[in-house]
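J.: The following block contains a protein sequence and its predicted model.
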Amino acid sequence: MTIAAIVVMGVSGSGKSTVGGCLARDLGWMFEDGDAFHPAANVAKMSAGTPLTDDDRWPWLRAIAARIDVARGTVAPVVIGCSALKRAYRDVLRDGHGDVRFLHLAGSMDLITARQAARVGHFMPASLVASQFATLEPTTGEPDIVEIGVEHDPATIAREAIATFRQRGDIA
Ligand SMILES: Nc1ncnc2c1ncn2[C@@H]1O[C@H](COP(=O)(O)OP(=O)(O)OP(=O)(O)O)[C@@H](O)[C@H]1O
Ligand SMILES: O=C(O)[C@H](O)[C@@H](O)[C@H](O)[C@H](O)CO
């Protein structure tokens with residue numbers, strides 16, 4: 001089975017863009033930031049400190065699934081950062097194909113809130129991190145998800161993720 005995408009998932013501030021960039025570079029794959037697929041209204045809402053609803057998220061998730069479908073069609077796999085907080089969201093991205101894998105960047109609310117508060121030039125306020133944790137559904141029972149803690153530096157996390165995906169036979 002050729003993998004179409006590795007989705008780097010986790011709450012806002014968990015390091016999806018940072019780690020996803022390292023991962024894509026190390027694999028020689030393209031990187032896409034899921035934030036770029038949000039309609040402007042979603043970005044405005046988050047910037048104002050209001051969490052998105054399911055209805056806000058469905059079109060965004062479908063747009064990311066469509067990008068994964070392009071990767072599938074062109075056989076050019078992609079790393080995509082997308083919070084994918086609920087199982088139903090992850091199912092939209094899987095789209096029943098069996099060729100999507102997830103890297104879940106897991107960490108404590110304290111650590112991630114501190115990183116988020118220190119980050120500059122991003123629309124997402126640190127005040128939304130708590131709601132991200134409240135929305136995050138456990139990934140247990142989803143064998144296509146590899147979880148790594150965010151205490152390590154991004155390059156180490158990317159290396160560990162590649163070693164694990166290789167060990168599992170997901171990637172060459
Ligand atoms: N493993 C890490 N160790 C130390 N700092 C990190 C790590 N990962 C990310 N950071 C820092 O934490 C902040 C948040 O990271 P990043 O923007 O990559 O998160 P994100 O999950 O993409 O966020 P969002 O979903 O809000 O776009 C950044 O300032 C980044 O430099
Ligand atoms: O599902 C959501 O609540 C949003 O998509 C957020 O997770 C943002 O995309 C991102 O994390 C902020 O940069």
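T.: Received it, and whenever you're ready, just let me know what you need. Ligands and ions are numbered 1, 2, ... in the order given.
J.: doesn't Asp99 make contact with Ile6?
T.: No - contact criterion CB atoms under 8 Å: Ile6 and Asp99 do not qualify, at 10.5 Å. In this view, the C-beta of every residue, glycine as well, is placed from N, C-alpha and C.
J.: Of these two, which one has the most company?
T.: Ile6 (27 against 18; other CB atoms under 10 Å).
J.: Pairing partners for the more buried one in the sheet, please.
T.: Val79, Arg101 (DSSP bridges).
J.: Which residues are in contact with it?
T.: Neighbouring residues of Ile6 by CB atoms under 8 Å, 6 or more residues apart in numbering: 23, 27, 29, 77-80, 100-103, 161, 165.
J.: now do Ser131
T.: The contact partners of Ser131, by CB under 8 Å, 6+ apart, come to Pro51.
J.: roughly how far apart are it and His38?
T.: 16 Å (CB to CB, to the nearest Å).
J.: all helices of this protein, in order?
T.: 16-27, 40-47, 54-74, 87-94, 109-118, 129-135, 154-167 (DSSP state H).
J.: Pick the most deeply packed of these.
T.: Compared across those, helix 16-27 shows the largest average neighbour count, a mean of 21 (mean count of other CB atoms under 10 Å).
J.: Is there proximity between that one and ligand 1?
T.: Yes - remark: helix 16-27 sits within contact range of ligand 1 at Lys16, Ser17, Thr18, Val19, by CB under 6 Å from any ligand atom.
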